[in-house]
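Peer 1: Got a sequence here, can you build the structure:
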Amino acid sequence: MNNLRTRQRTDSNLRRQFFIKSALLLVGGCLLISALTYWNTRRLLMDEAMTKSEVILQEVEAVRWYVQDELRPKMYDLHGADTFIIEAMSTTYVSATIMEKFGQSMPDYVYRRASVNPHNPRNLADSFEEEMIDWFEQNPSKGLWQGIVKKNGKDVFVSMVPDYFTAPCIRCHGKVQDAPRSLVERYGKVGGFRFKAGDLAGIDSISLPVSKSLGMALHGSIILFAMMLVVTFLWLWLFNLLFRRLVVERLGAMLLLVSGKGADEKTVHGDELDVLRDSVGSLHKYVQSAQKGASLQPNFIKEYVVGRPLAAGAMSWLYKGASAVTEKKVCLKIGFSDALNNPLYLACFQAETRLFVTLKHRAIPRVLERLDEGLVLDEVTGDNLNTFIHDQPLSAENTGIIFSQICDLVGSLHAQGIVHHDLRPEIFLLRPDKHLFLTDMGLASSDLLPDPIAAAGLGPQGNLCYMAPELIKGRRGDSRSDIYSLGVFLFFVTTGFMPFKREKGEKVSFRKWLQRKEEFVIAQHDLELMSEERQRIIKKAMAYDSNNRYQWVEDFWEDLEQEVAER
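Peer 2: Just a heads-up that it's a prediction; the model follows:
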């Protein structure tokens with residue numbers, strides 16, 4: 001019965017999720033392919049319309065040039081210079097008449113000769129043509145315009161070319177008194193005159209209807225989408241059967257074995273992979289305990305019970321803890337196994353423990369006892385500061401509260417010859433009453449202690465985003481390196497984001513990091529989140545050259561305190 005319930009729950013959870021998500025993915029793919037097909041078909045139709053319209057316009061231009069260069073001079077030779085036979089000598093009349101005959105056999109192709117002041121009222125430009133004439137006048141270098149416009153509710157592809165008056169045209173389009181008598185008698189003395197050579201005479205256009213072609217392309221894309229959808233769901237149904245046989249049923253049996261009970265309604269949270277993950281996690285804990293030996297208590301260090309971890313440092317973890325004898329709650333700072341096994345890191349951890357033992361500050365937990373594995377500290381409650389910020393800018397009040405404590409702590413360290421080298425939100429705990437505690441000094445250097453990292457000549461150690469450029473170059477730096485980290489810290493709490501963006505999984509070399517830090521500017525969307533004074537403070541604290549930064553943390557806090565107070 002339990003096995004049956006497991007299989008039913010697996011079918012209703014994992015298989016349903018797989019089917020729904022696969023269906024959404026495949027339907028999206030069908031939509032994308034159909035859209036790309038429509039786009040490509042539309043592109044081909046537009047290319048064809050462009051080619052056809054350009055050919056016709058070139059033919060019209062050829063007719064106009066023939067009339068102007070061949071026919072008109074011949075008519076002058078035959079009939080004299082004062083003669084003007086419009087049917088043979090007007091480029092506009094001849095080309096329009098020829099295209100009118102052409103349109104009778106090809107009604108889909110509409111030729112227009114349009115002008116704002118024509119001789120023939122039939123050639124008067126409509127509102128759209130007037131706009132295009134204005135466009136050509138404003139863009140004299142343009143010799144062609146093409147696009148789709150709406151005419152009578154239908155899509156029409158239009159190609160337009162400008163036509164400019166030449167010297168021979170001015171006889172008919174210049175002064176009325178100079179125009180041929182036959183032209184004035186035909187069209188009157190108002191339209192088509194008062195032009196000079198070089199003026200825009202008008203535009204020649206060819207219109208081709210494309211609504212039907214575009215509709216057919218859209219219809220074809222819809223049919224393609226429907227066919228692909230049918231095939232997709234048929235394939236998905238067959239694959240679903242195969243998935244159930246090869247994966248779901250076997251996973252249900254595995255879940256029953258690992259969990260040791262039926263996966264009924266009360267025990268299943270999420271799908272079966274979630275339950276299996278939780279079960280394997282529990283099994284892993286048992287394996288770890290077994291590896292440590294039956295005679296050991298892995299959750300004890302001397303008399304102290306080790307609880308959940310609170311924060312990770314450079315060389316150690318900070319855990320919740322309690323005394324098994326007095327039940328007093330404490331914190332346990334325990335070194336990483338790699339740190340305790342490596343002589344260099346062990347020296348760093350030992351230097352850190354000495355700093356915690358000797359330093360006295362209200363932001364540093366008091367040491368109660370030294371252990372071989374680490375330190376027993378006063379109980380510290382609260383959340384990791386990085387969690388408190390939680391990808392949101394801090395209010396001015398909280399910024400002032402937090403940075404007043406951090407700057408006071410860092411100033412105290414610097415006064416005692418200590419440079420932290422690894423200031424970042426993750427190593428601070430914040431109590432509900434906004435009291436801040438430092439949990440790590442694993443990379444710190446002190447004038448009174450040997451510096452293992454400097455002695456070993458190690459490369460950059462710590463978080464490269466918060467690290468000052470001189471540290472990335474391999475130098476240990478001075479107190480101004482901590483001020484750089486505070487500048488990055490301030491940018492983070494102001495915007496909720498880090499100043500140096502990286503893609504997920506991106507690997508950045510030291511040289512690239514140095515380049516980013518040297519070229520650092522505050523992005524426009526981040527500028528909107530901060531005052532001009534906050535911008536100045538961050539830029540100064542994050543100056544690439546340490547000589548251009550704040551030289552003392554007290555100066556940094558003085559400017560920030562004033563800026564916070566004014567907001």
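Peer 1: hey, let's count contacts and neighbours off CA atoms from now on
Peer 2: Will do.
Peer 1: Which residue ranges of the stretch 401-550 of the chain form helices?
Peer 2: Secondary structure of the stretch 401-550 of the chain (DSSP state H, counting those that start in this stretch): helices at 452-456, 469-472, 479-495, 510-518, 524-527, 532-541.
Peer 1: out of those helices, which comes closest to residue 353?
Peer 2: Nearest to residue 353 among the helices of the stretch 401-550 of the chain is helix 452-456 (13.9 Å), distances taken as CA to CA.
Peer 1: how would you label the spatially closest residue to residue 379 that is not a sequence neighbour: helix, strand or coil?
Peer 2: Of all residues beyond its chain neighbours, the one nearest residue 379 is residue 330 (4.1 Å), with distances taken as CA to CA, 6 or more residues apart in numbering. Secondary structure state of residue 330, per DSSP: H, G, I helix; E, B strand; the rest coil, is strand.
Peer 1: Now do the one helix or strand residue 308 maps to, average pLDDT.
Peer 2: Taking DSSP states H and E as the criterion, residue 308 maps to strand 304-312. Averaged over strand 304-312, pLDDT sits at 88.
Peer 1: got the buried residues for it?
Peer 2: 304, 305, 306, 307, 310, 311, 312 (16 or more other CA atoms under 10 Å).
Peer 1: Identify the residue spatially nearest to the third one, adjacent ones excluded.
Peer 2: What it means is residue 306. Leaving aside its sequence neighbours, residue 306 sits nearest to residue 321 (CA to CA, 6+ apart; 4.8 Å).
Peer 1: Residue 334 is in contact with the one you found, correct?
Peer 2: No - Residue 321 sits out of contact with residue 334 when judged by CA atoms under 8 Å, with a separation of 11.2 Å.
Peer 1: Looking at those two, which has the bigger crowd around it?
Peer 2: Neighbours of residue 321 and residue 334, each counted by other CA atoms under 10 Å, are more numerous for residue 321; the result is 26 against 23.
Peer 1: Assign that one to helix, strand or coil.
Peer 2: With three-state DSSP as the basis, residue 321 sits in strand.
Peer 1: Quick check, pLDDT for it.
Peer 2: At residue 321, the predicted lDDT confidence score is 92.
Peer 1: Equivalent analysis for residue 255, please.
Peer 2: Note for residue 255: predicted pLDDT of 59.
Peer 1: From the contact counts, what lies against the strand holding residue 308?
Peer 2: Packing partners of strand 304-312 (3 or more CA pairs under 8 Å, 6 or more residues apart in numbering; DSSP states H and E): strand 316-323.
Peer 1: Show me what counts as buried in stretch 52-63.
Peer 2: Quick answer for stretch 52-63 (16+ other CA under 10 Å): 53, 54, 56, 57, 60, 61, 63.
Peer 1: At which residues are the helices of the stretch 1-150 of the chain located?
Peer 2: For the stretch 1-150 of the chain, applying DSSP H, counting those that start in this stretch gives helices covering 2-10, 16-66, 72-79, 86-89, 91-105, 127-138.
Peer 1: Distance from the chain centre to the second one, please.
Peer 2: Counting by CA atoms, centre = their mean, to the nearest Å, helix 16-66 is centred 28 Å from the centre of its parent chain.
Peer 1: Averaged pLDDT, it. What do you get?
Peer 2: 81.
Peer 1: ok, now the last one?
Peer 2: Confidence for helix 127-138, expressed as mean pLDDT, is 89.
Peer 1: what's the answer for the fifth one, then?
Peer 2: Along helix 91-105, the predicted confidence averages to a pLDDT of 77.
Peer 1: Now for residue 534: which residues touch it?
Peer 2: Residue 534 makes contacts with 560, 563, as judged by CA atoms under 8 Å, 6 or more residues apart in numbering.
Peer 1: Per-residue pLDDT of it, please?
Peer 2: 93.
Peer 1: before we move on, what about the one 3 residues further on?
Peer 2: At residue 537, the pLDDT value in this model is 95.
Peer 1: what do you get for residue 338?
Peer 2: pLDDT, residue 338: 71.
Peer 1: ok, it - contacts?
Peer 2: Neighbours of residue 338 in contact, by CA under 8 Å, 6+ apart: residue 345.
Peer 1: how far away is it from residue 454?
Peer 2: 19 Å (CA to CA, to the nearest Å).
Peer 1: Please apply the same query to residue 210.
Peer 2: For residue 210, the distance to residue 454 equals 76 Å [CA to CA].
Peer 1: Looking at the two, which is more packed in?
Peer 2: Neighbour count, other CA under 10 Å: between residue 210 and residue 454, residue 210 has more, with 21 against 13.
Peer 1: can you tell me which of the helices of the stretch 401-550 of the chain comes nearest to residue 410?
Peer 2: Across the helices of the stretch 401-550 of the chain, residue 410 has its closest neighbour in helix 479-495 (8.0 Å, CA to CA).
Peer 1: quick check, distance from the closest one to the centre of its chain.
Peer 2: 25 Å.
Peer 1: which other helices and strands contact it?
Peer 2: helix 396-415, strand 418-419, helix 532-541, helix 553-565.
Peer 1: now the angle between helix 532-541 and that helix, please.
Peer 2: If you take axes from the mean of the first three to the mean of the last three CA atoms, to 10 degrees, helix 479-495 sits at 150 degrees to helix 532-541.
Peer 1: quick one: average pLDDT of helix 479-495?
Peer 2: In this model, helix 479-495 carries a mean pLDDT of 93.
Peer 1: Show me where the stretch 351-500 of the chain dips below the pLDDT cut-off.
Peer 2: 391-392 (pLDDT under 70).
Peer 1: Name the nearest of the buried residues of stretch 52-63 relative to residue 133.
Peer 2: Using CA to CA, residue 57 is the member of those that lies nearest residue 133, at 16.8 Å.
Peer 1: Test my guess that the closest one contacts residue 206.
Peer 2: Yes - contact criterion CA under 8 Å: residue 57 and residue 206 qualify, at 7.0 Å.
Peer 1: Count residues in the vicinity of the residue nearest to residue 379, would you?
Peer 2: Residues lying near residue 330 (other CA under 10 Å) number 23.
Peer 1: residue contacts, it?
Peer 2: 320, 321, 322, 323, 376, 377, 378, 379, 380.
Peer 1: and the gap between it and residue 318?
Peer 2: Here residue 330 is placed at a distance of 10 Å from residue 318 (CA to CA).
Peer 1: swap in residue 510?
Peer 2: Computed as CA to CA, the residue 510 to residue 318 distance reads 30 Å.
Peer 1: Have a look at those two and say which one is more surrounded.
Peer 2: More crowded of residue 510 and residue 318, by other CA under 10 Å: residue 318, with 26 against 14.
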